[in-house]
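Chemist: after the sequence you'll find the predicted model.
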Amino acid sequence: MGNFLAIAHLRRKFAIQNFEKKTIMGINSSSIARKVAMALSGLFLVFFLAQHFTINLTSVFSPDTFNEWSHFMGTNRLVQALLQPILIFGVIFHFVMGFILEIKNRNARNVKYASYKGGANASWASRNMIISGIVVLAFLVLHFIDFWIPEINTKYIVGDMSGMHDGEFRYYHELQEKFVSPLRVGAYVLAFALLALHLWHGFASSFQSVGFNNKYSKALTKFAKVYAIVIPLGFIFIALFHHLNHNH
Amino acid sequence: MKLTLKIWRQKNATAKGSMQTYPIDGIDGDMSFLEMLDVLNTELIEKGEEPVVFDHDCREGICGACSLQINGEPHGPDRLVTTCQLHMRKFNDGDTIVIEPFRAKAFPVIKDLMVDRSAFDRIQQAGGYISVNTSGNTIDANAIPVEKEDADAAFNAATCIGCGACVAACKNASAMLFTSAKVSQYALLPQGRVEATRRVLNMVEQMDKEGFGNCTNTGACEVECPKGISLENIARMNREYLTASFKG
């Protein structure tokens, strides 16, 4: 009996190992698996961006709504314990994979051309995803220092989950505070302009990566291009709005 | 027409190459690009110098032998033509033309402008065929009805001549367009469906083994392809690959 259990245990162990080898190694060893992984993590981030934008937009119309949503997102256990780690994993996966791909792709042409006319056959945005990506990543670092780290500190280190400051919700006030500095607003505008370029190529081409190319592709590509412009422009608008309307 | 040619010269696969300048005169607009190189080589031979080595065969755009990166674009500035179909009237008197071999780690230089494209042969050998009994009782291909749209798409994919312009144009030196055209031409037909799962997995595996880069959907390959092979084929290959991976 003991033997049977031991064998069953070993079988399970090998099955799991095999599965890991197949899938994890698969992502690393197959160019198409890498491409699909990049597209799916990108689509997930595009979806997150829409959600983030929606909540930010409420700050323009109603500080109260913004405060309530911010408090909900910042204190809801499902959001904090499940969605937030998934999002962080998604971001890290997307940029680590992006760097890996960039290195692999550079190595695929070991002798460079003396003359290479990249602009003759492909858009700047599509050829420079690494540049726009690095700018967005640098912005994310700033964003974490500005908002995420202070939030984590207040909530989980200081232990203040109330979201209150001087008897009222602190979120809207903190948001306005951040957009006082013209330097930060400038960085914000630049980062979102580069994000627009990143999305201009990335969002539309993610459909191609997952194998979607049919009669609906044209409409979907159009939607992706509109999204790539409208959402970053919206974020820029919100930043400028608060910069011009702060109570200082 | 008087021109200045800047040509990559490399003695052999291991030698270090460099760009050399050759002034040339008396070039007629009706000459093909390869005929212009023939004129140069005749002059070089008469002077007792080593002629420039370049690939060529049919000189009517159907064999896929000619290559050359001309002024930063594979097969030159014209669209839907191979180098042998490129006419000198596309250039102006006094122009400087930069001529390089197709650059990719998977396409090592043999000599001067000639590169080893046997990586494509090995991808093809990994699955770019159908197994048919040809021992005297071959079934007529037309006995199986095929939808017109599928037949057309398969035929379009099959017009790929395997010249490697897609790899040369791609900033990542990716061979996705070539491989996807070969996968598609069979995947779209009932005769090809039989081995479809094995085919796409093996061909992609071989493509990755050869050291080509990853596709990032820039679309440069489609623009530069002398046969106008569509990016739709890459989406189809991604689809085929994903389904095949789940089947195992």
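Modeler: Perfect, thanks for sending it.

Chemist: residues touching the residue nearest to B:L68 when sequence neighbours are not counted, list them.
Modeler: What sits nearest to B:L68 in space, not counting adjacent residues and going by CB to CB, 6 or more residues apart in numbering or on different chains, is B:T83, at 4.8 Å. In this view, the C-beta of every residue, glycine as well, is placed from N, C-alpha and C. Listed by CB atoms under 8 Å, 6 or more residues apart in numbering or on different chains, the contact partners of B:T83 are B:S32, B:F33, B:L34, B:H56, B:C66, B:S67, B:L68, B:I70, B:H75, B:G76.

Chemist: do B:A106 as well
Modeler: Contacts of B:A106 by CB under 8 Å, 6+ apart are A:A108, B:A119, B:V167, B:A173, B:A175, B:E210, B:G211, B:F212.

Chemist: among the residues you listed, which one sits closest to B:P101?
Modeler: B:V167 (11.6 Å; CB to CB).

Chemist: is it true that B:M36 touches B:H87?
Modeler: No. Using CB atoms under 8 Å, B:M36 is not in contact with B:H87, being 9.5 Å away.

Chemist: before we move on, the earlier item: any idea how far the residue nearest to B:L68 is from chain A?
Modeler: 15 Å (CB to the nearest CB, to the nearest Å).

Chemist: now do B:S18
Modeler: 10 Å.

Chemist: my read: that residue touches B:R9, true?
Modeler: Yes. Under the criterion of CB under 8 Å, B:S18 makes contact with B:R9 at 6.4 Å.

Chemist: next, the buried residues of the top helix by length along chain A.
Modeler: The single longest helix within chain A, with elements called by DSSP state H, is helix A:31-61. The neighbour-count check on helix A:31-61 (16 or more other CB atoms under 10 Å in any protein chain shown) flags A:31-46, A:49, A:56-59 as buried.

Chemist: does it reach chain B?
Modeler: Yes. Applying CB under 8 Å from any CB of the partner chain, one finds helix A:31-61 in contact with chain B at A:S31, A:I32, A:A33, A:R34, A:K35, A:V36.

Chemist: what are the boundaries of the helices in chain B?
Modeler: Under DSSP H, chain B gives helices at B:33-46, B:118-125, B:148-158, B:165-169, B:176-187, B:190-193, B:196-209, B:220-224, B:232-247.

Chemist: can you tell me how far A:K155 sits from A:T75?
Modeler: A:K155 sits at a distance of 8 Å from A:T75 (criterion: CB to CB, to the nearest Å).

Chemist: pull up the residues of chain A that are close to chain B.
Modeler: So chain A meets chain B at A:26, A:29-36, A:101, A:104-105, A:107-118, A:120-123, A:126-127, A:129, A:201, A:205, A:208-213 (CB under 8 Å from any CB).

Chemist: what residues go with each domain of chain B?
Modeler: B:3-111, B:117-247 (automatic domain parsing).

Chemist: what is the mean pLDDT for the longest one?
Modeler: Averaged over domain B:117-247, pLDDT sits at 95.

Chemist: for chain A, which spans come out with low pLDDT?
Modeler: Low-confidence segments of chain A, defined by pLDDT under 70: A:1-28, A:247-248.

Chemist: let me see the contact set for the spatially most central residue of it.
Modeler: Nearest to the geometric centre of chain A sits A:L45, at 4.1 Å (CA atoms, centre = their mean). A:L45 is in contact with A:G90, A:V91, A:H94, counting by CB under 8 Å, 6+ apart.

Chemist: please identify which helix or strand holds the second one.
Modeler: Spelled out, it's A:V91. Assigned by DSSP states H and E, A:V91 belongs to helix A:84-107.

Chemist: between helix A:31-61 and that helix, find me the angle.
Modeler: 130 degrees (axes from the mean of the first three to the mean of the last three CA atoms, to 10 degrees).

Chemist: which outside residues touch helix A:84-107?
Modeler: A:34, A:37-38, A:41-42, A:44-45, A:48, A:129-130, A:133, A:137, A:140, B:105, B:171-174, B:211, B:213-214, B:216.

Chemist: and the next helix or strand after that helix, how far from the chain's centre?
Modeler: The helix or strand immediately downstream of helix A:84-107 is helix A:124-127, counting by DSSP H and E. Offset of helix A:124-127 from its chain centre (CA atoms, centre = their mean, to the nearest Å): 19 Å.

Chemist: hmm, who's touching helix A:124-127?
Modeler: So helix A:124-127 is in contact with A:118-119, A:132, A:197-198, A:200-201, A:205, B:171, B:216-219, going by CB under 8 Å, 6+ apart.

Chemist: got a winner among the residues you listed for most neighbours?
Modeler: B:T216 (27 neighbours; other CB atoms under 10 Å in any protein chain shown).

Chemist: surely that one is in contact with B:N172?
Modeler: Yes. In this structure, B:T216 is within contact of B:N172 by CB under 8 Å, at 6.0 Å.

Chemist: what sits in contact with each of A:K155 and A:T75?
Modeler: A:M161.

Chemist: of those two, which one has the most company?
Modeler: A:K155 (16 against 13).

Chemist: ok, and the closest non-adjacent residue to the more buried one?
Modeler: Nearest one to A:K155, counting by CB to CB, 6+ apart, is A:M161 at 5.6 Å.

Chemist: any idea which helix or strand comes after the helix or strand where A:W200 lies?
Modeler: Taking DSSP H and E as the criterion, A:W200 maps to helix A:182-209. Under the assignment DSSP H and E, the closest C-terminal helix or strand after helix A:182-209 is helix A:217-245.

Chemist: helices or strands up against that following helix?
Modeler: Where contact means 3 or more CB pairs under 8 Å, 6 or more residues apart in numbering or on different chains; DSSP states H and E, helix A:217-245 is packed against helix A:31-61, helix A:171-178, helix A:182-209.

Chemist: swap in 6 Å and give it another go.
Modeler: Helix A:217-245 makes packing contacts with helix A:31-61, helix A:182-209 when contacts are defined by 3 or more CB pairs under 6 Å, 6 or more residues apart in numbering or on different chains; DSSP states H and E.
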